[in-house]
Each structure stands twice: as C-alpha cells, then as structure tokens.
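A.B. asks: Got a predicted model here, sequence first, then my questions.
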Amino acid sequence: MTTMIDGARIAKGIRVRVAARVAAAAGTALVPGLATILVGDDPASAVYVTAKRRAVREAGMRDIHRHLPQQATQAEVASVIDELATDPGVSGILVQLPLPPQLNAAPLIDRIPAVKDVDGLTTASAGQLARGERGLRPCTPSGIIELLDAEGIEIKGACVAVVGWGELVGRPLTQLLLRRGATVTVAQEFTIDLAAVTRPADIIVVATGVRGLIGPEHVKLGVTVIDAGIHRTRDGLIGDVRAAELDGIAGRITPVPGGVGPMTIAMLLVNTLQAAEWHAERQSVTAWQQLQARSPLGA
Ligand code: GUN
C-alpha cells in the first residue's frame with residue numbers, strides 16, 4: 001500500500017496557526033504585510049501570484065501588490081523594489097519568477113533586504129543558509145522538510161537523493177537536509193546513471209522540470225517520494241514522477257497537485273510572519289536604545 005502525503009491538509013494546519021498568530025497581533029504594528037511583484041503577463045505566474053495573495057488575505061495579513069508591464073526596464077523594477085524595501089508597512093517582498101528576458105533577475109532579487117526576503121532567494125539569505133545563521137529559508141525546500149516532519153519520516157541518518165540542483169529547490173534543500181543529519185546525494189542532468197543514485201535512497205526529492213522523469217526503475221520498495229515538479233497538460237497538472245506506476249512500490253508519495261505546492265504557500269506565510277516579528281523585535285530594541293540614551297543612567 002502506498003500512502004499519499006496530503007500536503008493540502010498539512011499546509012492548511014500551518015495556515016490556521018499563522019492566522020491565529022496574526023489575529024493575536026491585530027491592532028498592533030506587528031500585522032504582517034506581503035508585497036508581491038509580478039512583471040509581465042506569464043499566465044502561470046499570474047495564477048501563482050493570485051494564489052499567494054489570496055492566502056495572504058486569508059491569513060489576515062496585508063496584501064500589497066505591484067504589477068509591472070511586460071516591457072518594464074531593469075531600473076523600473078529596481079525602483080519598485082527600493083520603494084517597498086524602505087516601506088515599514090511591508091514585512092516581506094516577493095518578486096515572482098521567471099522575469100521577462102530583458103531583465104537580469106539576480107541583481108534585482110539582491111535589492112531585497114535580507115530581513116524582507118520571504119522567498120529566501122537573495123545572496124545574503126543563501127549565505128545565511130549555507131552558514132547555518134538566522135535567516136529566511138526558501139519556501140519550497142522548507143515546506144518539504146515540514147512535510148517530512150509532519151509525516152514522522154526520519155531525516156537524521158536517512159539516505160536522501162535530491163534530483164535536480166535548481167536555485168529554488170534542489171540547492172537550498174540539500175543544505176537543509178545536511179543540517180538535519182541526512183546523507184545527501186544530488187543528481188543533475190549530467191548524472192550518467194540516475195537509477196544508481198536514486199535506488200538506494202530512503203527518500204527521493206524530485207525537482208527537475210522534466211515531466212514523468214522518475215518511475216519504478218528508479219526506486220526501492222518502501223521509499224518516500226517527494227515530487228516538487230509541476231506541469232500543465234491537457235489532462236490536468238502532473239509532476240516529475242510517474243506516481244501511478246509507483247503505487248504499491250513507494251511507501252509514501254506526494255500527489256501533484258496537493259503535495260508540495262500548498263506547502264510552498266504555507267511557508268511563504270510563515271516567512272512573512274517571521275519577518276514581521278523580527279521587524280517588531282528591531283523596533284523595540286531601537287526604542288529601548290533611544291530610551292537608554294535619554295535616561296541619565298544610560299549615558
Ligand atoms: N516561480 C516559481 N516558484 C517560485 C518561487 O518559489 N518564488 C518565486 N519568487 N517565483 C517562483
């Protein structure tokens with residue numbers, strides 16, 4: 001029997017807990033606000049941003065949105081990011097990717113202050129992750145860790161095959177898994193024998209953008225398979241894993257849709273709440289320092 005991992009249910013639980021924290025902060029300066037930036041008319045990106053914004057509002061957070069035209073210049077996008085970066089009402093900033101081809105994404109992403117980088121994609125956030133310092137982690141990888149924890153799947157000591165080393169999932173996930181004590185092997189497009197890498201693994205995470213890449217020939221009996229792929233077909237959404245062919249072989253598997261996707265959005269809310277709490281923490285430290293400076297004993 002293969003168990004489907006219900007990412008939608010686990011994500012819902014996280015969203016309810018975040019909403020309760022936001023409600024508790026109502027009326028204070030701590031109410032989190034997420035700013036989403038969408039450039040151009042990519043239909044898939046528009047769908048993702050709409051889903052993120054709806055989740056933000058449902059959690060009781062402030063939804064701030066900027067939609068720029070497909071022809072927007074580097075300077076125009078940079079100036080929108082800079083304005084949101086200095087706005088105290090904005091806890092987190094998310095630039096939806098991919099950007100139109102005339103834009104260079106990396107320097108734009110790096111304009112987001114690390115404390116507002118709720119996507120965890122800036123160079124500063126990547127460095128904090130690599131060094132194990134406090135910081136915001138990318139949402140899909142942290143959502144995958146949450147899924148494994150929620151299912152009671154032991155990460156420490158597990159052999160994990162990460163298939164795909166992309167910036168959004170594979171690379172940061174590898175760091176998170178290593179920190180949790182997993183033995184991680186990373187496969188990529190130049191891996192000669194993919195099955196030789198994935199077959200011994202207790203957990204396989206697939207994020208390649210190659211539809212139906214992983215099948216029964218790649219797994220051992222009882223394996224946990226996490227599918228971070230998503231492809232639109234005439235028959236609906238499918239992932240990087242041929243899930244139906246793994247029925248009865250895999251111990252647990254995430255469906256597409258309803259597996260990793262909802263977790264990404266839930267973790268975006270967690271990061272936005274975290275960013276708002278850090279902001280409040282910095283404010284109270286500053287207020288305390290100002291008070292100290294004014295007090296006759298503080299000088
Ligand atoms: N495009 C696809 N996935 C993501 C994501 O997690 N964050 C951003 N900003 N863009 C994406």
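C.D. replies: In hand now; what should we look at?

A.B. asks: List phi and psi for Ala51.
C.D. replies: Note on Ala51: its backbone torsions stand at phi -60, psi -40 [degrees, to the nearest 10].

A.B. asks: residues contacting it?
C.D. replies: Under the criterion of C-beta atoms under 8 Å, 6 or more residues apart in numbering, the contact list for Ala51 reads Ile265. Quick note: C-beta positions are derived from backbone N, CA and C, even for glycine.

A.B. asks: All the helices of the stretch 1-150 of the chain, in order from the start?
C.D. replies: Along the stretch 1-150 of the chain, counting by DSSP state H, counting those that start in this stretch, helices occupy 7-24, 43-58, 74-86, 105-109, 123-131, 139-150.

A.B. asks: ranking those helices by burial, who's on top?
C.D. replies: Counting by mean count of other C-beta atoms under 10 Å, helix 139-150 has the highest mean neighbour count of the helices of the stretch 1-150 of the chain, with a mean of 23.

A.B. asks: And the next helix or strand past that one?
C.D. replies: strand 159-163 (DSSP states H and E).

A.B. asks: Please name the strands paired to that following strand in the sheet, noting orientation.
C.D. replies: Applying DSSP bridges, strand 159-163 is found paired with strand 183-187 (parallel), strand 203-206 (parallel).

A.B. asks: any chance of the helices of the stretch 1-150 of the chain in a markdown table, plus distance to the ligand and mean pLDDT?
C.D. replies: What follows is those, written out as a markdown table (distance: least, C-beta to the nearest ligand atom, whole Å; pLDDT from 0 to 100):
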| stretch | distance to the ligand | mean pLDDT |
| --- | --- | --- |
| helix 7-24 | 14 | 97 |
| helix 43-58 | 6 | 97 |
| helix 74-86 | 12 | 98 |
| helix 105-109 | 8 | 98 |
| helix 123-131 | 12 | 98 |
| helix 139-150 | 5 | 98 |
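
A.B. asks: Save those helices as JSON lines, and put in distance to Val225 too.
C.D. replies: Listed next are these as JSON lines, based on distance: least, C-beta to C-beta, whole Å:
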{"stretch": "helix 7-24", "distance to Val225": "13"}
{"stretch": "helix 43-58", "distance to Val225": "23"}
{"stretch": "helix 74-86", "distance to Val225": "37"}
{"stretch": "helix 105-109", "distance to Val225": "30"}
{"stretch": "helix 123-131", "distance to Val225": "24"}
{"stretch": "helix 139-150", "distance to Val225": "11"}
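
A.B. asks: Flag the shaky bits of the stretch 151-299 of the chain, pLDDT-wise.
C.D. replies: Per-residue confidence for the stretch 151-299 of the chain (pLDDT under 70) gives these ranges: 297-299.

A.B. asks: and the strands paired with strand 159-163, which is most packed in?
C.D. replies: Looking across these, the stretch whose mean neighbour count is highest under mean count of other C-beta under 10 Å is strand 203-206, at a mean of 27.
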